[in-house]
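Trainee: Give me a 3D structure for the following:
(one chain, ligands or ions: 1)
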Amino acid sequence: MKISRFKKSLKTLKFFVINFDYHEPYQVLIDATFCQAALQNKVIIEEQLKKYFQSTIKLVTTQCIILEAESLGTPLSGATMIVKQFHVHKCGHEGIPVPASQCIKSMTQGERYIVASQDRTLQTSLRKVPGRCLLYLHKATPVLEEPSKASKKYIFKKSQKLFSSDVEKHIERLKQNEGLQNDILNKARNKRKGPKNPNPLSCKKSKKPKAQPESPPNSNGLNESRKTNMKSKRKRIKIPTHVKAALKSPQ
Ligand SMILES: [Zn+2]
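Mentor: The predicted structure follows:
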């Protein structure tokens, strides 16, 4: 098997494992149409599928599938022989068999089956249901079909829902935190409602003009400040000019 083909099938399988709980051993539900195609293309189903999946697989079928193949007689006798080799899983139609396609649809509702079929109508119908995994033969090559649009859409919506619920949870957490903060603030406010302490600023003592340090008294017994006060208070005596001249002139 080519590496690229293996990688592709592995990617598809991973999608179903991660998103739809498929797990090992992978159960491959095989119908007579798949067996017929295998016979025509000389494919040994078990051998080829083990190589293809490179994982543990379990090949299963149902009583309804076997009965339908048997009812078709000779043209499908080879396919009937092949399909009878697989494990027969109980389908719930024991005693009242239903068409193989109908049986397969009902089987895939509960369990995780990889449906191996060449039935186009069945494939189309299963593609419409999210989580259905299809396998078919392209000539002698098994092909695990890529996830259908329905499967992809389902997962996209699911992830969006998860994302939005995560965002909602985050917002809720933020709101709760905000609520707590508001509670703390309210409590702090309520505490202040009691008798208010006087504003510390209003309690400040008014500034008194600084007392001028008194300068030591001089020899006259008067300190400097008092002296200046006396000076300013002393009346100026206007001396007449002729007296001034007489005073200046030498005697
Ligand atoms: Zn059945």
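
Trainee: Only C-alpha atoms from now on, for both contacts and neighbour counts.
Mentor: Noted.

Trainee: I'd like to know how far residue 108 sits from residue 55.
Mentor: Noted for residue 108: a distance of 21 Å to residue 55, by CA to CA, to the nearest Å.

Trainee: out of the two, which sits in the more crowded spot?
Mentor: residue 108 (18 against 13; other CA atoms under 10 Å).

Trainee: Local confidence estimate at the more buried one?
Mentor: Listed pLDDT for residue 108 reads 96.

Trainee: can you check the one 10 residues further on too?
Mentor: pLDDT for residue 118: 98.

Trainee: what does the one 5 residues further on give?
Mentor: The model reports residue 123 with a pLDDT of 98.

Trainee: Surely residue 30 and residue 85 touch.
Mentor: No: between residue 30 and residue 85 there is no contact under CA atoms under 8 Å: 10.7 Å.

Trainee: Those two: who's more crowded?
Mentor: Of the pair residue 30 and residue 85, residue 30 is the one with more neighbours under other CA under 10 Å, namely 27 against 11.

Trainee: what's across from that one in the sheet?
Mentor: residue 116 (DSSP bridges).

Trainee: Tally up the residues packed near residue 60, please.
Mentor: With other CA under 10 Å as criterion, residue 60 counts 21.

Trainee: For the remainder of this discussion, apply numbering that starts at 14.
Mentor: Okay, residue one is now 14; in that scheme the one you just asked about reads as residue 73.

Trainee: helix or strand for it, which one?
Mentor: strand 70-75 (DSSP states H and E).

Trainee: Mind giving me the packing neighbours of that strand?
Mentor: strand 39-43, strand 100-102 (3 or more CA pairs under 8 Å, 6 or more residues apart in numbering; DSSP states H and E).

Trainee: mind listing what the last one pairs with, with the direction of each?
Mentor: Sheet pairing for strand 100-102, assigned by DSSP bridges, gives strand 70-75 (parallel).

Trainee: And the contacts of the partner strand?
Mentor: With contact meaning CA atoms under 8 Å, 6 or more residues apart in numbering, strand 70-75 is reached by 37-44, 59, 63, 96-97, 99-104, 116.

Trainee: So the residue nearest the centre of the chain: helix, strand or coil?
Mentor: For the chain, the residue sitting closest to the mean C-alpha position, by CA atoms, centre = their mean, is residue 176 at 5.0 Å. Under DSSP: H, G, I helix; E, B strand; the rest coil, residue 176 falls in the helix class.

Trainee: That one and residue 197, how far apart?
Mentor: If you go by CA to CA, the gap between residue 176 and residue 197 works out to 32 Å.

Trainee: I'd like to know which elements the strand or helix carrying residue 188 is packed against.
Mentor: Of the helices and strands defined by DSSP H and E, residue 188 is found in helix 162-205. With contacts taken as 3+ CA pairs under 8 Å, 6+ apart, helix 162-205 sits against helix 133-140.

Trainee: If you count neighbours, what's buried in the helix it packs on?
Mentor: 135-136, 139-140 (16 or more other CA atoms under 10 Å).

Trainee: and it with helix 162-205, angle?
Mentor: For helix 133-140 against helix 162-205, the angle by axes from the mean of the first three to the mean of the last three CA atoms, to 10 degrees is 10 degrees.

Trainee: what comes into contact with helix 133-140?
Mentor: 114, 118, 130, 145, 147, 161-164.
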